[in-house]
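A.B. asks: Only the shape, not the letters, is given here:
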């Protein structure tokens, strides 16, 4: 079952612009995480936000969480060509027994 | 990719054959996972194991089997009963180092193509 749904499915921007991706989910969660995947590779963990947090920063990444709307957003500021990848949100449901459920991802293309 | 080795990276199989994908980790993590990824889609959970000699079915376990005889190893067998096995398979381990939150570390993946 897919818990998270990312929006948009694909995003194309120029270097230096900001990229915003959104994730919606359905059930109560312990935390929400964002992962990055370069083409043909495994996923890499980027950032985690807990259900009692509203915003978190890590370098050029900013994540927000709105538990009342069951949604999260990932903002990448001052994007670079190297940010080109797919980005996935993953949720750990409350009582989820160590299971993370992934969305379908947003494909980000950053053009030089 | 973070101490997780998946092999082979590419695998071709004829219809009706079973194949086994290897996943080995040196991270000393207890829990291990297998996900399947189809083109342009997210990850779907096949099987997971929280401890040696124990494993649970995920959302799409039909046509797959696993074993967990050693902490370091969690091989996945794709059987002939799996109707559409062509996909990218990802193995992951669970790290609870972030103050009790579950974070996954992934291998580089194995791409299986059925001819």
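C.D. replies: Noted; the coordinates are in hand. Values in this document were obtained by computation on a predicted structure and should not be read as measured data.
A.B. asks: Quick check: closest non-adjacent residue to the residue in chain B that chain A sits nearest to.
C.D. replies: For chain B, the residue positioned closest to chain A under C-beta to the nearest C-beta is residue B:106, at a distance of 3.4 Å. In this view, the C-beta of every residue, glycine as well, is placed from N, C-alpha and C. For residue B:106, the nearest residue in space outside its immediate sequence neighbours is residue A:42; the separation is 3.4 Å by C-beta to C-beta, 6 or more residues apart in numbering or on different chains.
A.B. asks: Measure how buried that neighbour is and give me the count.
C.D. replies: For residue A:42, the count of nearby residues is 23 (other C-beta atoms under 10 Å in any protein chain shown).
A.B. asks: try residue B:79
C.D. replies: One way to gauge burial is a neighbour count; for residue B:79, by other C-beta under 10 Å, it gives 15.
A.B. asks: Equivalent analysis for residue A:70, please.
C.D. replies: Burial of residue A:70 is recorded as 18 neighbouring residues (other C-beta under 10 Å).
A.B. asks: Against chain B, how distant is it?
C.D. replies: Using C-beta to the nearest C-beta, to the nearest Å, residue A:70 is found at 17 Å from chain B.
A.B. asks: residues touching that residue, list them.
C.D. replies: If you count contacts by C-beta atoms under 8 Å, 6 or more residues apart in numbering or on different chains, residue A:70 has them with A:24-26.
A.B. asks: from what I can see the residue nearest to residue B:106 touches residue B:108, true?
C.D. replies: Yes. Counting by C-beta atoms under 8 Å, residue B:108 is a contact partner of residue A:42 at 5.0 Å.
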